[in-house]
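Asks: Kindly generate the corresponding structure for this input.
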Amino acid sequence: KQAYAPYSNFFVGCSVLLKNGEIIVGNNQENAVFPAGTCAEQVALNWTSANFPNEQIEKIFIVGAPKDIEKHIAPVPPCGTCRQVISEHEDRQLHNIEVYFASVVGKIYKINSVKTILPFTFGKDLL
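Replies: Numbers count the residues shown, from 1 in each chain. Model (predicted):
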């Protein structure tokens, strides 16, 4: 509900659970210049990196739906860019991050690593 999505009317929230028990939240923030918007996952993960740079990320939870939420039951997985961002965090901490995603109603999906849904990641070894 805190997301700013006046253009798409698609609201996404994200929470990150750290090993120390801290929970960090983020939500999508749109901009009239579409590439300038930021996904909920990136908001939460970037805030985590800035404020808890040495704390391990254990789990990430993603929930999203359009404004008319009663009609939306499809799960909302991370977009391709967010999958790459999560992958980078896994690589940095040398530890998988459990990813949970869903709509506001319906089934919750869990994967043990984002690499399950992004098998060909781009990493520092390719630079």
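Asks: hey, which helix is longest across this structure?
Replies: Among the elements of type helix in the chain, defined by DSSP state H, the one spanning the most residues is helix 80-93.
Asks: could you give the angle of the next helix or strand after that one to helix 80-93?
Replies: Downstream of helix 80-93, the first helix or strand assigned by DSSP states H and E is strand 98-102. For strand 98-102 and helix 80-93, the angle between their directions (axes from the mean of the first three to the mean of the last three C-alpha atoms, to 10 degrees) works out to 160 degrees.
Asks: picking up where we left off before, so what's the gap between the longest helix of the chain and the chain middle?
Replies: 10 Å (C-alpha atoms, centre = their mean, to the nearest Å).
Asks: elements contacting that helix?
Replies: Contact analysis of helix 80-93 by 3 or more C-beta pairs under 8 Å, 6 or more residues apart in numbering; DSSP states H and E lists helix 40-51, strand 57-66 as its packing neighbours. C-beta: built from backbone N, CA, C; applies to glycine.
Asks: Could you single out the most deeply buried of these?
Replies: Counting by mean count of other C-beta atoms under 10 Å, strand 57-66 has the highest mean neighbour count of these, with a mean of 21.
Asks: who's in contact with the longest helix of the chain?
Replies: Residues from elsewhere that reach helix 80-93, judged by C-beta atoms under 8 Å, 6 or more residues apart in numbering: 39, 41-42, 45, 49, 56-57, 60, 78, 96-97, 99, 113-115, 117-118, 121-124.
Asks: Make a markdown table from the helices and strands packed on helix 80-93 and add distance to residue 31 and mean pLDDT to it.
Replies: Listed next are these as a markdown table, based on distance: least, C-beta to C-beta, whole Å; pLDDT from 0 to 100:
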| stretch | distance to residue 31 | mean pLDDT |
| --- | --- | --- |
| helix 40-51 | 13 | 98 |
| strand 57-66 | 18 | 95 |
